[in-house]
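# here is the input, now give the coordinates:
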Amino acid sequence: MVPPAEFDRLGVTRVSAEGGFLGADAAVLMTNHKALRDLDLFRLLPTMRAPAYLLDGWRAYSRRDVTLKTSYLAKV
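Numbering: from 1, shown residues only. Sure thing, here's the model as predicted:
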């Protein structure tokens, strides 16, 4: 996890998962942290613009489950 002070130093605005997905064109999941497993992805996906893209760098989610609304890109 990145310390909040590092985000501030870089001038990056932190948002919740909900805020990050809301109206987004794409989402990038690049961690195997426990928080990712606890993420209610199927509640968040419908809040994205359509069509949306999901890059799942750890293949944490099944392509079959995600493709209803999202183009699923997984690590090969």
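# wait, a helix at Ala5?
Yes: checked against DSSP: H, G, I helix; E, B strand; the rest coil, Ala5 lies within a helix.
# what pLDDT does it get?
Ala5 is assigned 93 on the pLDDT scale.
# so how far is Lys34 from it?
With distances taken as CB to CB, to the nearest Å, Ala5 is found 22 Å from Lys34. From N, CA and C alone the C-beta is placed, and that goes for glycine too.
# please apply the same query to Phe21.
19 Å.
# who has more neighbours, these two?
Each of Phe21 and Lys34 has its neighbours counted (other CB atoms under 10 Å); Phe21 has more, 21 against 8.
# what residues are up against the more buried one?
27, 44-45, 47-48 (CB atoms under 8 Å, 6 or more residues apart in numbering).
# quick check: closest non-adjacent residue to it.
Nearest non-adjacent residue to Phe21, counting by CB to CB, 6 or more residues apart in numbering: Leu44, 4.1 Å away.
# just confirm the one you found is within a strand.
No: according to three-state DSSP, Leu44 belongs to no strand; its state is helix.
# correct me, but it touches Ser16?
No: using CB atoms under 8 Å as the test, Leu44 is too far from Ser16 to be in contact (10.1 Å).
# looking at those two, which has the bigger crowd around it?
Ranked by neighbour count (other CB under 10 Å), Leu44 and Ser16 place Leu44 first, with 17 against 8.
# contacting residues for the more buried one?
Counting by CB under 8 Å, 6+ apart, Leu44 makes contact with 17-18, 21, 27.
# just among those residues, which is most surrounded?
Neighbour max across these (other CB under 10 Å) = Phe21, 21 neighbours.
# how near is it to Tyr53?
On the measure of CB to CB, Phe21 and Tyr53 end up 12 Å apart.
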